[in-house]
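Engineer: what follows is a predicted protein model with its sequence.
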Amino acid sequence: MPIAELVRQKLATGLTLRQLEQRSGGSVPYQTFGKISKGEVRGWPKSREVIEGTASALGVDAREVVLSYATQFQIDVSEDRSLLASMLPASTGTLTIEQAQAVAELIRAFTAPAAVPAPTPIDISTFSTAERRQVTGLVSELGDRTQAAQAEGLAGFAAVLALVQSTLASAVQGLEGS
């Protein structure tokens with residue numbers, strides 16, 4: 001995204017140009033942020049301190065600032081970075097390896113395809129006749145509730161109910177087959 005857009009996004013959060021200057025540690029005057037936000041970008045930042053100050057003010061990595069300037073000047077800097085990677089603040093570099101692994105595991109949990117585990121066999125052979133009837137009734141009731149959940153648009157809940165129903169149904173069928 002062009003540097004002008006990056007600055008405009010930060011301003012849209014309610015920060016002022018003077019606050020951006022403060023967040024830059026004073027390395028980028030508020031007037032410069034104003035010009036950038038209007039697309040009046042004439043050249044590359046003059047120093048590393050300006051790049052790092054801009055990154056600090058915008059809450060992004062210095063690399064993102066450099067890429068944003070390049071994009072502003074229509075230089076192709078396409079890469080395989082995800083949108084999420086470009087949104088991470090520079091402070092993620094201070095995470096310990098354990099913290100970084102925990103964040104990565106959390107992201108994997110959100111992005112992994114949902115796998116439905118195979119039903120775990122349940123042995124109801126030791127159940128009394130009354131308990132077996134209760135299980136059979138529960139299987140029927142779970143089927144009805146699964147259908148109701150699907151009708152209500154609760155697909156995730158319906159999937160859980162269907163899993164429990166199939167587990168119990170397998171136990172009942174296993175008992176009837178023996």
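Structural biologist: Here it is on my side, so go on. Numbers count the residues shown, from 1 in each chain.
Engineer: residue contacts, the residue positioned nearest the centre of the chain?
Structural biologist: Closest residue to the average C-alpha location of the chain: residue 107 at 5.9 Å, with Cα atoms, centre = their mean. By Cβ atoms under 8 Å, 6 or more residues apart in numbering, the contact set of residue 107 is residue 84. Heads up, the C-betas are built off the backbone N, CA and C, glycines and all.
Engineer: what number of residues lie near residue 155?
Structural biologist: 9 (other Cβ atoms under 10 Å).
Engineer: the residue nearest to it when sequence neighbours are not counted: neighbour count?
Structural biologist: Sequence neighbours aside, residue 149 is the residue nearest to residue 155 in space, at 7.8 Å (criterion: Cβ to Cβ, 6 or more residues apart in numbering). Residues lying near residue 149 (other Cβ under 10 Å) number 18.
Engineer: same check, this time on residue 49
Structural biologist: Other residues near residue 49 come to 14 when the count uses other Cβ under 10 Å.
Engineer: and residue 163, by the same measure?
Structural biologist: Using other Cβ under 10 Å, residue 163 has 17 other residues around it.
Engineer: so how far is the helix or strand where it lies from its chain's centroid?
Structural biologist: Using DSSP states H and E, residue 163 falls within helix 155-177. Helix 155-177 sits 32 Å away from the centroid of its parent chain (Cα atoms, centre = their mean, to the nearest Å).
Engineer: quick check: buried residues in that helix?
Structural biologist: 158, 161-172, 175 (16 or more other Cβ atoms under 10 Å).
Engineer: what's the mean pLDDT across that helix?
Structural biologist: Averaging pLDDT along helix 155-177 gives 75.
Engineer: shaky segments in this protein?
Structural biologist: Along the chain, segments meeting pLDDT under 70 span 78-81, 83, 86, 114-122, 173-178.
Engineer: could you pull out the strands for it?
Structural biologist: Counting by DSSP state E, the chain has no strands at all.
Engineer: quickly note the distance from the residue nearest to the centre of the chain to residue 96.
Structural biologist: Look at residue 107 and residue 96: by Cβ to Cβ, to the nearest Å, they are 17 Å apart.
Engineer: returning to that earlier point: distance of the residue nearest to the centre of the chain from residue 169?
Structural biologist: Taking Cβ to Cβ, one finds residue 107 at 36 Å from residue 169.
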